[in-house]
Every structure is written in structure tokens, then in C-alpha cells.
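Chemist: Following is a predicted model, sequence given first.
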Amino acid sequence: MSGNITLFYGAAINPQTLTSYDVLPRCLLAVGHTGNIDWMVEDVAPHDLQQVLAQHGSSDEYLVELKDGEFLLPGFVDTHTHAPQVPNIGTGQQYELLDWLANVTFPTESKFQDVDFAKRMYKKVVRTFIDAGTTTCCYYATLHLEASKVLADTVHEYGQRGFIGKCNMNHDSPSYYIEPSVSASISATQSLIAYIRSLSRASSPNAALGTPQPLVQPILTPRFAISCTASLLSSLGDLAAEDPDLLIQTHIAENPSEVAYTKKLFPEAGSYAGVYDQFGLLRRGTILAHAVHLTPPEITLIKEKGVGISHCPTSNFNLRSGIAPVGKFLDEGVRLGLGTDVSGGFGTSIMGEVRNASVASKVLQFTKETSGGGAAEESKHKFENKQLPIPTLLYLATLGGASLCRLESHIGSFAPGKSFDALLISPAGKQIGMWGSGESLHSRPKDNEQEVAKKEINEWLERFLFVGDDRNIDRVYVQGRWVGGRSFTGFQ
Ligand SMILES: Nc1nc2[nH]cnc2c(=O)[nH]1
Ligand SMILES: [Zn+2]
């Protein structure tokens with residue numbers, strides 16, 4: 001059995017809760033032939049390595065030994081992004097949301113009518129997201145069925161874990177980029193769901209591994225309430241009710257003009273969240289992007305329904321949408337993850353979201369401080385109007401995101417039985433802020449230096465999150481398979 005096992009020996013960071021992660025300077029972790037973690041021993045001294053391997057019936061034939069400065073990290077989960085907006089990334093920053101959609105986004109997305117264009121673009125897009133360390137990605141495609149299939153094919157071929165949704169949009173969109181009817185929108189959605197589910201049954205490199213969970217899954221994707229008639233939202237609610245496994249993604253309360261217009265279109269719903277709720281679209285496995293301008297009753301509704309919020313701080317800054325009160329969401333117990341929201345956001349990396357989530361929380365903190373919030377009131381809250389600490393940021397980027405996708409028992413941290421979705425982080429870049437010596441682990445740390453080693457590894461993590469980039473993501477694994485990263489040269 002040991003023949004197909006890959007072993008990793010070295011430092012690992014293992015997220016645990018919103019406020020904690022484990023630092024393991026000398027972890028030995030075995031990945032089995034299914035791509036799941038077979039076993040792991042959290043602390044193995046170098047002189048005990050051979051003995052521990054032997055106890056597990058393994059040898060060091062397939063051992064990847066990490067060097068000083070290298071560490072394993074669970075892969076990032078991007079809970080909200082738009083694959084067809086990568087072509088216009090970094091442009092149109094003068095606009096707020098509704099003008100940006102009309103002037104930048106819709107013209108770009110409409111080009112995906114051309115399937116060859118979609119094939120060319122999506123190859124670059126998926127490769128970029130994987131190499132940025134995103135092992136699981138919730139992708140919006142466009143409204144086109146064929147191009148959405150191309151995106152699903154590409155994610156499947158490249159071995160990423162992903163949720164792919166065809167946009168539903170039959171209202172208030174330009175004549176060149178709108179679905180002609182409710183029935184056309186629903187039937188194309190059903191076709192895409194069937195197509196994606198057939199991918200996981202078809203023979204593929206992943207099927208050969210006996211992958212326990214389909215890597216590529218469909219997700220219902222009403223663009224946002226403004227883009228959908230009540231009749232379309234109602235039909236999507238019916239689809240969701242028939243298929244409790246389906247995840248759902250959409251946008252909510254991103255921008256004040258959007259919120260006002262939504263209320264005008266759906267006056268009977270009472271609130272923006274009420275629109276989705278009245279059509280049965282709020283449930284565990286629904287991912288709502290942005291949530292910058294929610295009211296307290298909406299937050300309560302979202303919490304009660306088990307819905308997740310995708311925090312997209314880069315986009316929220318870039319489109320001048322505002323700052324989402326994520327500390328408040330966390331205090332209320334709302335599920336939370338991070339999303340790049342390309343190209344409202346101008347970066348494909350979840351590390352960019354970690355940085356901007358940190359900055360956003362600091363802005364809320366000093367705004368509150370300068371406006372004189374009382375200390376007594378402040379102390380009631382654990383997260384609200386406070387800087388998000390590193391363990392919280394790491395949690396949102398990994399386990400928190402996994403929980404939005406209902407995958408927290410499969411990915412987001414390392415434990416026997418979980419999928420090995422992981423990054424091998426290396427300091428071997430040219431940028432400032434380097435860490436580690438690059439020496440063999442056998443030369444350090446000694447048994448009595450564990451606490452020193454942990455302190456150092458904490459520093460490596462913080463530096464990686466704040467000054468690292470894809471040059472530091474040496475290898476990317478999804479379900480045990482090496483699929484990307486700086487050293488990736490193609491499938492073995
Ligand atoms: N940020 C963002 N918000 C939206 N609301 C509706 N569509 C979009 C989109 O493409 N991006
Ligand atoms: Zn978005």
C-alpha cells in the first residue's frame with residue numbers, strides 16, 4: 001500500500017478555528033492513492049523519521065522533505081469570482097457598480113458568445129487562479145451555455161476543485177447580453193448542471209484516482225435580483241427545492257444605488273435579502289457576495305438560514321461600494337469566506353483579499369475610535385470594529401471558505417480522511433521580505449527549540465500572507481494531485 005503514498009515532512013500550518021491555527025514544525029503527513037490524507041503525525045524528530053515511517057509500513061521513497069522556510073498550508077478557497085471578467089481586470093476604476101456593469105463588464109462578458117474565445121481565455125484564467133493558490137473556486141461564468149461548459153471542462157482538465165454557474169439574467173441588461181425568456185434561462189441552466197455532473201462520471205485523471213467527491217460541481221447563479229424577473233427567481237427557487245445538493249451564489253447589498261433600485265423592483269419583499277428569501281434561495285450552501293449594506297434584520301435572516309457571506313474587500317474598495325461589517329457578521333455567527341470578485345476586484349489571489357480584509361478591518365477600527373465609541377460597548381464585541389487577527393484571516397481564506405461551500409469536512413485544514421488540497425510555500429522568490437534559511441530540516445530545529453521554531457513559522461506565515469505572491473507558491477495540490485505552482489511542469 002505504501003507504493004502510491006506521497007509523504008511530506010516539514011513545517012505545516014493547520015487552521016483550526018476562527019481564532020486559532022496549529023503550527024507544526026516537524027509534521028509527517030501521508031497522502032494516499034485517493035488523494036485523501038491517510039495519516040499524519042504532528043511532531044516527528046528527524047532522528048525518529050525512519051522509525052515512524054516503518055511503523056506505518058512506509059519508506060522514504062516518495063518523501064518530499066521541506067527545507068527551512070518552506071511550509072504546507074491548506075489551499076485557498078475563493079468563494080466569489082467572475083472568470084469571464086479577467087480580460088477587463090484593472091480597467092474601469094472610475095465607475096461605481098451599475099455604471100461599471102454597463103460600460104465595462106457586460107461588453108466583455110458578451111464576447112464569450114464565441115466559444116473559441118472562451119476556450120483561449122478560460123485556459124489562462126484557470127491556470128492563473130490555480131497558480132495563485134486557489135484550490136477551490138466558486139466561478140461565475142457568463143449567460144452562455146456553451147462557454148460555461150468550456151469553463152467547466154477547463155477546471156476539470158486542470159484538476160482544480162470548482163463550482164461553475166451559468167449566469168441567469170433576463171432583465172435590465174443590454175439587448176446584446178440578456179436571456180430571451182425564463183424558459184430559455186432555466187433550460188440552459190438544467191443542461192449545464194447535467195453536463196457538469198456527467199464530467200465527474202466520465203473517465204478522467206481524477207476518476208482514475210478514485211476521487212471521493214466530484215471536483216467540479218454546478219452552482220445556481222442568478223446574477224443579482226436586478227437582473228432577474230420575479231418569474232425567473234421563482235423558477236430558480238423551484239430548481240433549488242428539487243435539488244437540495246445544489247449550491248447557490250448571487251450578489252447582495254453591494255452598492256447603495258443597487259439596493260435602492262432592488263427595493264423599487266421588489267417592494268413587497270421588504271428587504272434585499274427578503275427578495276431571495278421569498279423565492280427559496282436562502283439556505284445552507286447559498287453564498288452571498290459583498291453584503292456591504294445589510295440591515296440588522298437581514299443579518300439575522302442570513303444567520304438563521306445558514307447562508308454564507310463572501311467578503312470581497314478589494315472589489316468593495318475598488319468600486320467604492322463601502323466596507324462590509326465583517327466583524328459584526330462574525331460576532332453574530334454568520335458563515336464567512338473571502339472572494340476576489342474579479343474584476344470588481346483587481347487581483348486573482350486570495351492573499352490580496354487577506355490584505356484588504358485586514359486593511360478594511362483597521363479602517364473600521366480607527367473610524368470607530370476617532371468617532372469616540374465607548375470602551376464598555378466595545379468590549380461586548382469580539383470582532384466588531386476591531387482589526388482582524390492573522391488566525392481569523394487565515395481561517396476565512398481556508399476553512400471559512402470551505403464552510404460556505406459545505407466542504408468543511410473535506411478541505412480547509414489537514415486531518416486524516418480529509419482531501420489533500422494544499423500549497424507548498426517556499427521563500428525562494430526574489431521579493432523583499434524573505435524568510436527561512438533554506439537549509440535541510442535535519443540541521444534544525446533541535447528538540448528543545450520547538451517554541452523558537454513555532455515563533456519563526458508564525459512569522460513566515462504572516463510575511464507570506466502580506467508580502468508573498470505566486471513566486472512563493474511552489475506547488476499546488478488538489479485531491480492529492482500536483483496541479484500547479486511555480487515548479488509545476490505539467491501532469492506527471
Ligand atoms: N461586483 C459585481 N457585482 C455585480 N452585481 C451584479 N453583477 C455583478 C458583477 O459582475 N460584479
Ligand atoms: Zn461578483
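Modeler: Yep, it's here. Ligands and ions are numbered 1, 2, ... in the order given.
Chemist: what's near enough to touch residue 398?
Modeler: Applying C-beta atoms under 8 Å, 6 or more residues apart in numbering, we find residue 398 in contact with 15, 73-77, 412-413. (Each C-beta comes from the backbone N, C-alpha and C, glycine too.)
Chemist: where does it land in three-state SS?
Modeler: helix (DSSP: H, G, I helix; E, B strand; the rest coil).
Chemist: What's the local residue count around residue 417?
Modeler: By other C-beta atoms under 10 Å, the residues close to residue 417 number 12.
Chemist: Can you tell me the closest non-neighbouring residue to it?
Modeler: Nearest residue to residue 417 in three dimensions, chain neighbours excluded: residue 36, at 6.0 Å (C-beta to C-beta, 6 or more residues apart in numbering).
Chemist: What distance do you get for that neighbour to ligand 2?
Modeler: 32 Å (C-beta to the ion, to the nearest Å).
Chemist: for whichever residue of the stretch 251-400 of the chain sits closest to ligand 1, what are its contacts?
Modeler: In the stretch 251-400 of the chain, the residue that lies nearest ligand 1 is residue 344 (3.3 Å; C-beta to the nearest ligand atom). Residues in contact with residue 344, defined by C-beta under 8 Å, 6+ apart, are 82, 85, 97, 100, 312, 314-315, 318-319, 321.
Chemist: Quick check: residues of the protein near ligand 2?
Modeler: Proximity of the chain to ligand 2, by C-beta under 5 Å from the ion, involves residues 289, 341.
Chemist: can you list the weak-confidence ranges in the chain?
Modeler: For the chain, applying pLDDT under 70 flags the ranges 1-4, 202-212, 373-379, 428-433, 441-448.
Chemist: okay, now the domains of it?
Modeler: Residue ranges for the domains of the chain, per automatic domain parsing: 2-74+412-484, 76-404.
Chemist: can you redo those domains as a markdown table with distance to residue 490?
Modeler: Listed next are the domains of the chain as a markdown table, based on distance: least, C-beta to C-beta, whole Å:
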| stretch | distance to residue 490 |
| --- | --- |
| domain 2-74+412-484 | 10 |
| domain 76-404 | 11 |
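Chemist: For residue 492, which of these is the nearest?
Modeler: In terms of C-beta to C-beta, the element of these nearest to residue 492 is domain 2-74+412-484, at 6.9 Å.
Chemist: Any buried residues in the host helix or strand of residue 14, and which?
Modeler: Residue 14 belongs to strand 6-17 when assigned by DSSP states H and E. Neighbour-count burial for strand 6-17 flags 6-15 (criterion: 16 or more other C-beta atoms under 10 Å).
Chemist: rewinding a little: between the contacts of residue 398, which sits nearest ligand 2?
Modeler: residue 77 (15.7 Å; C-beta to the ion).
Chemist: so which of the contacts of residue 344 is the most crowded?
Modeler: residue 312 leads the contacts of residue 344 on contacts (other C-beta under 10 Å) with 33 neighbours.
Chemist: any idea how far residue 323 is from that residue?
Modeler: 11 Å (C-beta to C-beta, to the nearest Å).
Chemist: State which one residue of the stretch 201-350 of the chain is found closest to ligand 2.
Modeler: residue 341 (4.4 Å).
Chemist: Residue 289 is in contact with that residue, correct?
Modeler: Yes - counting by C-beta atoms under 8 Å, residue 341 does reach residue 289; the two are 6.3 Å apart.
Chemist: Return the subset of the contacts of residue 398 lying in strands.
Modeler: 15, 73-74, 76-77 (DSSP state E).
Chemist: What I need now is those residues written out in JSON lines, including distance to residue 152 for each item.
Modeler: Listed next are those as JSON lines, based on distance: C-beta to C-beta, whole Å:
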{"residue": "15", "distance to residue 152": "28"}
{"residue": "73", "distance to residue 152": "27"}
{"residue": "74", "distance to residue 152": "24"}
{"residue": "76", "distance to residue 152": "20"}
{"residue": "77", "distance to residue 152": "18"}
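Chemist: Buried among these? Make that a ChimeraX selection.
Modeler: In ChimeraX, this line selects whichever of the ones in strands among the contacts of residue 398 come out buried by 16+ other C-beta under 10 Å:
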select :15,73,74,76,77
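Chemist: now for the ones in strands among the contacts of residue 398, which pair is the farthest apart?
Modeler: Using C-beta to C-beta, the ones in strands among the contacts of residue 398 span at most 12.1 Å, a distance reached by 73 and 77.
Chemist: Might you enumerate the residues of the stretch 151-300 of the chain proximal to ligand 1?
Modeler: Residues of the stretch 151-300 of the chain found near ligand 1 (C-beta under 6 Å from any ligand atom) are 223-224, 251, 254.
Chemist: Take those residues and keep only those in strands.
Modeler: Those of those mapping onto strands are residue 251, per DSSP E.
Chemist: Which among the residues of the stretch 151-300 of the chain next to ligand 1 count as buried?
Modeler: Buried among those (16+ other C-beta under 10 Å): 223-224, 251, 254.
Chemist: Redo those as JSON lines? Include distance to residue 353.
Modeler: Listed next are these as JSON lines, based on distance: C-beta to C-beta, whole Å:
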{"residue": "223", "distance to residue 353": "21"}
{"residue": "224", "distance to residue 353": "20"}
{"residue": "251", "distance to residue 353": "16"}
{"residue": "254", "distance to residue 353": "15"}
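Chemist: Mind checking which of those residues land in helices?
Modeler: Among these, none falls in helices (DSSP state H).
Chemist: Pick out whichever of the residues you listed sits closest to residue 123.
Modeler: The shortest approach to residue 123 among these belongs to residue 223, at 24.3 Å (C-beta to C-beta).
Chemist: What residues of the helix or strand where residue 262 lies count as buried?
Modeler: Using DSSP H and E, residue 262 maps to helix 256-265. For helix 256-265, the neighbour count (16+ other C-beta under 10 Å) marks 258-259, 262-263, 265 as buried.
Chemist: so what's the residue nearest to the spatial centre of the chain up against?
Modeler: The structure's the chain has its C-alpha centroid closest to residue 78; by C-alpha atoms, centre = their mean the separation is 1.7 Å. Neighbour list for residue 78: 129, 134, 136-138, 338-340, 350, 401 [criterion: C-beta under 8 Å, 6+ apart].
Chemist: do you know how far residue 91 is from ligand 2?
Modeler: Using C-beta to the ion, residue 91 is found at 16 Å from ligand 2.
Chemist: Leaving out chain neighbours, which residue sits closest to that residue?
Modeler: Using C-beta to C-beta, 6+ apart, the closest residue to residue 91 is residue 104 (6.2 Å).
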